[in-house]
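K.L.:
Have a look; sequence and predicted model below, questions after that.
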Amino acid sequence: LFAGPMDFVKGVVAMDGLPPADRLEVCFAGRSNVGKSSLINALTGRKALARASNTPGRTQEINYFDAGGRLYLVDLPGYGFANAPVKVVEKWQRLLKSYLAGRQTLRRAFVLIDARHGPKAVDAEILGLLDKSAVPFQAVLTKTDKVKASDLEAVLTRTREALSKHPAAYPELVLTSSETGAGLPVLRAIVAQME
Ligand code: GTP
Ligand code: MG
């Protein structure tokens, strides 16, 4: 899947702008600045496919990428703090929730969690929504290059404990770094299995 073409399809700002639900898709959700867009770039080996930046609130639309006509990869706006006007943020948060709860072809949501911090209160709300909507999700720890192995253990324990309360969660975590490439082959294999 990742050896073939990967194209930007469109940025969606309202539910009626979603592309036709004619194939399965996976999405990348998580707090603002957790590394969603960077992870898509790292997974696809395309530096600037999705726009990443140090400013939380960079991605403000639902961005669709087409993996060879076989699967959509979906980059979502973040939740939590964002460097954008309140009204604008509210609008994309509503869209994000409608999407997560109501996209029929959404096969799996990858919920990204910063490996330095573990899950936060604002993650619990989204995980609850995924449970309620019966969208299977899998936690992906990001930025593992920024954590000492000795500190990572405690975060892993906390993350596993938090996930155990969520019926829609896959128990296995994926540990990644878009910087070093750690965990990317595993995540590519999981995504490739979805089509
Ligand atoms: P929003 O679109 O604002 O919700 O953010 P995002 O989740 O898409 O985050 P983005 O990919 O834009 O990355 C945010 C910042 O984290 C950027 O400065 C990235 O360079 C940095 N970053 C992302 N992944 C990693 C990683 O694995 N390691 C390190 N060290 N930095 C990372
Ligand atoms: Mg982004």
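P.N.:
Ah, there it is. Ligands and ions are numbered 1, 2, ... in the order given.
K.L.:
give me every residue that touches the residue most central in space within the chain.
P.N.:
Nearest to the mean C-alpha position of the chain, counting by CA atoms, centre = their mean, stands Phe28 at 1.7 Å. Contact partners of Phe28, counting by CB atoms under 8 Å, 6 or more residues apart in numbering, are 36, 39-40, 73-76, 109-110, 112, 140. In short, each C-beta sits where N, CA and C put it, glycine included.
K.L.:
How is it classified with respect to secondary structure?
P.N.:
strand (DSSP: H, G, I helix; E, B strand; the rest coil).
K.L.:
do the same with the one 5 residues further on
P.N.:
Three states are possible here, and by three-state DSSP the one that applies to Asn33 is coil.
K.L.:
Asp16 too?
P.N.:
Assignment for Asp16 (three-state DSSP): helix.
K.L.:
now Gly11, which residues is it bridged with?
P.N.:
Asn63 (DSSP bridges).
K.L.:
May I ask you to confirm that it is in contact with Glu61?
P.N.:
Yes - counting by CB atoms under 8 Å, Glu61 is a contact partner of Gly11 at 3.6 Å.
K.L.:
For ligand 1, give me its nearest residue in the chain.
P.N.:
Per CB to the nearest ligand atom, Gly78 is where the chain lies closest to ligand 1, at 2.5 Å.
K.L.:
Let's see the pLDDT reported for the spatially most distant residue from the centre of the chain.
P.N.:
For the chain, the C-alpha farthest from the mean C-alpha position belongs to Ser150; by CA atoms, centre = their mean, that distance is 25.7 Å. On pLDDT, Ser150 comes in at 93.
K.L.:
Could you tell me whether it really is in a strand?
P.N.:
No - with three-state DSSP as the criterion, Ser150 is located in helix rather than a strand.
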